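Asker: Sequence and predicted structure below; questions after.
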Amino acid sequence: MPEPEPYDPMYPGDEEAVSPTGQGGAMDLAMDEAESLEKPPSSQERAEGPGEKPRSLWSDAWHQLRRNPVFVVSGLLILFLVVIAIWPQLIASGDPLQCDLSKSQQGAEPGHPFGYDTQGCDVYTRTVYGARASITVGVCATVGAALLGSLLGGYAGFFGSWSDALLSRVADIFFGIPVILGGLVFLSVVTSTTVWPVVGFIVLLGWPQLARIARGSVITAKQNDYVQAARALGASNGRMMLRHVAPNAVAPVIVVATIALGTYIALEATLSFLGVGLRPPTVSWGIDISNAASQIRNAPHMLLWPAGALSITVLAFIMLGDAVRDALDPKLR
């Protein structure tokens with residue numbers, strides 16, 4: 001019987017395991033290369049791909065939003081509402097101010113699917129044209145309140161001292177004013193029939209909420225290490241605010257402003273329903289709801305269509321705000 005060959009550590013058999021020497025030789029290099037080939041890529045490497053830079057907060061949020069069905073549905077609905085607010089003639093060829101008293105409170109008929117109101121106006125045409133005033137008020141009021149609140153809140157949060165105390169006390173005063181009562185008092189003395197008095201009133205009462213959000217975000221952002229490093233290197237206050245603090249503190253303001261936009265549209269409709277918001281000849285969902293409230297038993301179609309359009313619009317903006325909040329807040333992922 002042949003004798004077994006002696007074991008040679010330089011030529012191990014197939015069943016033998018080779019251990020690294022820990023001395024950085026050729027054997028250790030070969031082992032490292034083998035392990036790197038067998039090691040599966042991490043989840044972050046698979047998401048980013050080879051040679052790609054890590055995604056920023058905004059690109060990562062957009063990456064998540066595109067895969068969120070709530071964002072897609074609400075975004076498409078808001079896009080449709082904005083388009084018909086700008087070009088209502090695309091889906092409504094009639095005149096919202098052209099009425100025929102002989103058709104007062106009549107139901108749907110060919111070419112007029114929503115019926116007629118008390119004055120004999122086409123409810124469908126007025127519902128389509130009503131989107132322009134409501135969305136204009138909501139967007140302009142949101143932009144105005146966000147800009148004013150962000151500037152005041154950011155200044156108070158960054159510099160602190162007496163400006164912070166003054167902003168807090170002024171905001172408390174505005175928080176103590178009831179919105180509906182304030183609208184009845186402020187707008188009852190305004191005779192303009194345009195949307196700007198309503199926009200100004202909403203901005204006047206809406207900026208304190210966004211100012212507090214901006215103030216808290218700036219206070220949190222300015223305590224980060226990169227802001228302290230910029231300060232130590234001699235960066236000016238303006239440069240630190242624009243380059244380091246503002247980009248990292250604006251996300252909460254965007255989330256709250258997006259949700260508040262739907263609330264402002266509902267507030268405009270409420271004020272118009274009470275007779276102190278938008279006024280004729282302006283076409284508004286709130287005005288149509290107010291005119292139809294007394295005839296809900298005889299002609300419910302006069303109330304259901306503008307009220308349904310208002311509810312869908314407010315719900316779409318609230319859903320959009322929730323989706324943006326989930327994408328920008330790492331704690332909710």
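Answerer: Done, it's in. Residues are numbered from 1 along each chain as shown.

Asker: Looking at the residue lying closest to Arg66 once chain neighbours are set aside now. What's its pLDDT?
Answerer: Of all residues not flanking Arg66 in the chain, Val72 sits nearest, at 7.6 Å (Cβ to Cβ, 6 or more residues apart in numbering). In this view, the C-beta of every residue, glycine as well, is placed from N, C-alpha and C. Here, the pLDDT recorded for Val72 equals 92.

Asker: how about low-confidence regions in the stretch 1-150 of the chain?
Answerer: Low-confidence segments of the stretch 1-150 of the chain (pLDDT under 70): 1-58.

Asker: same thing but 50
Answerer: 1, 7, 9-22, 24-39, 41-49 (pLDDT under 50).

Asker: Helices of that one, residue ranges please.
Answerer: For the stretch 1-150 of the chain, applying DSSP state H, counting those that start in this stretch gives helices covering 26-38, 43-48, 57-65, 69-86, 123-159.

Asker: List the buried residues of the last one.
Answerer: The reference is to helix 123-159. Using 16 or more other Cβ atoms under 10 Å as the test for burial, helix 123-159 gives 123-142, 144-146, 148-150, 152-158.

Asker: ok, then the element right after it?
Answerer: Following helix 123-159 in sequence order, the next helix or strand is helix 161-175 (DSSP states H and E).

Asker: Identify the residues contacting the next helix or strand after that next one?
Answerer: Following helix 161-175 in sequence order, the next helix or strand is helix 179-187 (DSSP H and E). With contact meaning Cβ atoms under 8 Å, 6 or more residues apart in numbering, helix 179-187 is reached by Pro197, Val198, Phe201, Leu204, Leu205, Leu267, Thr270, Leu271, Leu274, Val276, Gly277.

Asker: Separate out the buried members of those residues.
Answerer: Pro197, Val198, Phe201, Leu204, Leu205, Leu267, Thr270, Leu271, Val276, Gly277.

Asker: which parts of whichever strand or helix holds the third one are buried?
Answerer: Assigning secondary structure by DSSP H and E places Phe201 in helix 196-221. Along helix 196-221, these residues count as buried under the neighbour rule (16+ other Cβ under 10 Å): 197-215, 217-219, 221.

Asker: Against which helices or strands is it packed?
Answerer: helix 123-159, helix 161-175, helix 179-187, helix 246-273 (3 or more Cβ pairs under 8 Å, 6 or more residues apart in numbering; DSSP states H and E).

Asker: picking up where we left off before, max pairwise distance over the contacts of helix 179-187: which two?
Answerer: Greatest spatial distance among those (Cβ to Cβ): Leu204 and Leu274, at 17.6 Å.

Asker: Run a quick neighbour tally on Leu315.
Answerer: Leu315 is flanked by 13 other residues according to other Cβ atoms under 10 Å.

Asker: Tell me how far the nearest residue to it once chain neighbours are set aside lies from Thr194.
Answerer: Of all residues not flanking Leu315 in the chain, Gly262 sits nearest, at 7.3 Å (Cβ to Cβ, 6+ apart). Distance, Gly262 to Thr194, using Cβ to Cβ, to the nearest Å: 22 Å.

Asker: Neighbour count: those two, which is higher?
Answerer: Neighbour count, other Cβ under 10 Å: between Gly262 and Thr194, Gly262 has more, with 21 against 13.

Asker: quick one: the more buried one and Phe317 touch, right?
Answerer: Yes - if you go by Cβ atoms under 8 Å, Gly262 and Phe317 touch, sitting 3.3 Å apart.
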